[in-house]
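**Q** dropping a prediction and its sequence here:
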Amino acid sequence: MVAVTQSAPIQQRTPRLVASDVDGTLLDPDERITERTRKAVAAAVAAGVPFVLATGRPPRWIPPIVDALGYAPLSVCGNGAVLYDSAADRVLYARNLDVATLHWAAELAERTLPGCGLAAERVGASAHDAATLQFVSAPDYEHAWLNPDDTRVSRAEVVAAPAIKLLIRLRSATSESMSAALQPLLDGRVDLTYSTNNGLVEVAAPGVTKATGLADVADRLGVQPVHIVAFGDMPNDVPMLQLAGHGVAMRNAHPDAVAVADEVTASNADDGVARVLERWWG
């Protein structure tokens, strides 16, 4: 077990940007933002320091976080594929997988992981763009978590339109083993990561990670990466933790996140994000 550390280089300077993953990091195990965490984020924002979400979630799953925070942040969604302005309810950009790449990745997954199911995440102009079917899944796709806005379509329709993510689900496997099987075959054509070990991996356009999305936000805000403190817990957070001047893994984090972190804080069940932010805005 990695101990919670208290000394870190960034403690000598106040961060100019805070970025946090959502599930397993900002949210507690009951998927709530505790009052302590809400106050810590609010104190940073009141001090003029932007707070940014960096999540695998799509934009349509951001409004409940906005409500709980009482603050509408810029949000890096879809593991870096989307930048969403939650205050204006506007998608600023989306970096899609094109149809040809979706077909290639789907066929590769089905050959390598027999029995897997496929789904695709798409975005429109806003979080609730009624003109866009934002999540579509093939008949044999089994959800790893509750997704009430799913639309079942044929397997062919899943890969018939550009998407920010292709989701590959194999209930009988772990996400880690699925990633290990697929990674050597990707040849740089796509990026692959996972945010749960429950038999689900996610494919994005090449070069798209939370780090690329966060770097874009930092550039827009005029902040150098060395002045970012970032929080995460899973392999999809690894590039972001490496980008930030101070990367913080949660006590409950995957070993890959712990390995690259500058610090390990308390778990998401014990206000780990708040405990770090309170050093500067307690």
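**A** Received the coordinates, thanks.
**Q** Leu146: helix or strand, and which one exactly?
**A** Assessed by DSSP states H and E, Leu146 sits outside every helix and strand.
**Q** just checking, Leu97 touches Val203?
**A** Yes. Using CB atoms under 8 Å, Leu97 makes contact with Val203 at a distance of 6.9 Å. C-beta coordinates here come from the backbone N, C-alpha and C atoms, glycine included.
**Q** common neighbours of those two, please.
**A** Listed as contacting both Leu97 and Val203 by CB atoms under 8 Å, 6 or more residues apart in numbering are Ala105, Lys165, Leu166, Val190.
**Q** helices of the stretch 51-200 of the chain, start to end?
**A** 63-69, 99-112, 155-158, 175-182 (DSSP state H, counting those that start in this stretch).
**Q** how big is the angle separating the longest one from helix 175-182?
**A** What it means is helix 99-112. On the basis of axes from the mean of the first three to the mean of the last three CA atoms, to 10 degrees, helix 99-112 is oriented at 110 degrees to helix 175-182.
**Q** how is this protein divided into domains?
**A** For the chain, the structural domains run 14-93+209-281, 99-204, going by automatic domain parsing.
**Q** what's the most buried one of the ones you listed?
**A** domain 14-93+209-281 (a mean of 21; mean count of other CB atoms under 10 Å).
**Q** quick one: terminal-to-terminal distance for it?
**A** By CA to CA, to the nearest Å, the extent of domain 14-93+209-281 from end to end equals 9 Å.
**Q** what's the answer for stretch 156-164, then?
**A** One end of stretch 156-164 sits 17 Å from the other (CA to CA).
**Q** that one: how far from the chain's middle?
**A** Stretch 156-164 sits 21 Å away from the centroid of its parent chain (CA atoms, centre = their mean, to the nearest Å).
**Q** cool, and stretch 143-162?
**A** Distance, stretch centre to chain centre, for stretch 143-162: 19 Å (CA atoms, centre = their mean).
**Q** what of stretch 48-57?
**A** Distance of stretch 48-57 from its chain centroid, counting by CA atoms, centre = their mean, is 10 Å.
**Q** that one: end-to-end distance?
**A** So stretch 48-57: terminal residues 26 Å apart, CA to CA.
**Q** oh, and call the first residue 13 from now on, that's how I've got it
**A** Yep, numbering from 13; the last one is stretch 60-69 now.
**Q** I'd like the mean pLDDT over that stretch, please.
**A** Averaging pLDDT along stretch 60-69 yields 98.
**Q** please apply the same query to stretch 233-242.
**A** The pLDDT scores in stretch 233-242 average 98.
**Q** list the contacts of it.
**A** So stretch 233-242 is in contact with 22, 25, 27-32, 62, 66, 226-227, 230, 249, 252-253, 255-260, 288, going by CB under 8 Å, 6+ apart.
**Q** CA atoms of it as CSV?
**A** Provided in CSV are the C-alpha atoms of stretch 233-242 (Å, rounded to 0.1, in the frame of the first residue of the first chain):
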residue,chain,number,x,y,z
LEU,A,233,-6.6,30.0,-20.0
GLY,A,234,-2.9,31.0,-20.3
VAL,A,235,-1.7,28.4,-17.7
GLN,A,236,1.5,26.4,-18.1
PRO,A,237,1.1,22.7,-17.3
VAL,A,238,3.7,23.0,-14.5
HIS,A,239,1.1,25.1,-12.6
ILE,A,240,-1.7,22.5,-12.8
VAL,A,241,-2.7,20.2,-10.0
ALA,A,242,-4.7,17.2,-11.3
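**Q** quick one: stretch 129-144 to chain centroid distance?
**A** Put simply, stretch 129-144 sits 16 Å off its chain's centre (CA atoms, centre = their mean).
**Q** check stretch 123-140 too.
**A** That offset, for stretch 123-140, works out to 15 Å (CA atoms, centre = their mean).
**Q** how long is that stretch from one end to the other?
**A** One end of stretch 123-140 sits 34 Å from the other (CA to CA).
**Q** try stretch 27-39
**A** End-to-end distance of stretch 27-39: 21 Å, with CA to CA as the criterion.
**Q** about what we covered before: can you redo the helices of the stretch 63-212 of the chain as a markdown table with distance to Ser149?
**A** What follows is these, written out as a markdown table (distance: least, CB to CB, whole Å):
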| stretch | distance to Ser149 |
| --- | --- |
| helix 75-81 | 22 |
| helix 111-124 | 12 |
| helix 167-170 | 7 |
| helix 187-194 | 17 |
